[in-house]
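Peer 1: got a predicted structure plus its sequence, pasted below:
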Amino acid sequence: VIGERASLKGLNVIGIKRRGLSRDQLKKLRAAYNLLFTGDGALSERAERVAATYGGEESVDRVLDFIKSDTSRSLLVPKSPSS
């Protein structure tokens with residue numbers, strides 16, 4: 001996130017590289033991120049699409065597990081283009 005009124009901007013690629021993810025893993029994580037946070041439908045629907053497409057990729061599964069782990073917690077999502 002970035003800004004006084006925080007907004008979602010993208011993956012922390014530097015941190016991801018420090019964790020030792022391969023270029024292929026980063027590519028899949030970035031594609032999953034884009035589908036999850038810029039796709040159509042509710043977040044839960046997009047999460048299901050990400051799981052169907054990228055399930056089994058450890059880094060993607062960790063993100064999905066985090067999102068699903070505590071439904072009482074709010075998540076920052078990008079503004080819709082119409083907002």
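Peer 2: The structure has been received and is ready for your questions.
Peer 1: okay, and the closest residue to Leu26 other than its chain neighbours sits in which element?
Peer 2: Leaving aside its chain neighbours, Leu26 sits nearest to Ile16 (5.8 Å; criterion: C-beta to C-beta, 6 or more residues apart in numbering). Using the backbone N, CA and C atoms, a C-beta is placed for each residue, glycine as well. In this structure, Ile16 sits in helix 13-18 according to DSSP states H and E.
Peer 1: now for that helix, which elements pack on it?
Peer 2: Secondary-structure packing of helix 13-18 (3 or more C-beta pairs under 8 Å, 6 or more residues apart in numbering; DSSP states H and E): helix 23-38.
Peer 1: let's see the helix holding Ile16 as PDB, backbone CA atoms only.
Peer 2: The C-alpha trace of helix 13-18 is given here as PDB (Å, rounded to 0.1, in the frame of the first residue of the first chain):
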ATOM      1  CA  VAL A  13       9.000  -7.700  -5.400                       C
ATOM      2  CA  ILE A  14      12.200  -6.900  -3.500                       C
ATOM      3  CA  GLY A  15      10.900  -8.800  -0.500                       C
ATOM      4  CA  ILE A  16       9.800 -11.700  -2.700                       C
ATOM      5  CA  LYS A  17      13.200 -11.900  -4.300                       C
ATOM      6  CA  ARG A  18      14.800 -11.800  -0.800                       C
END
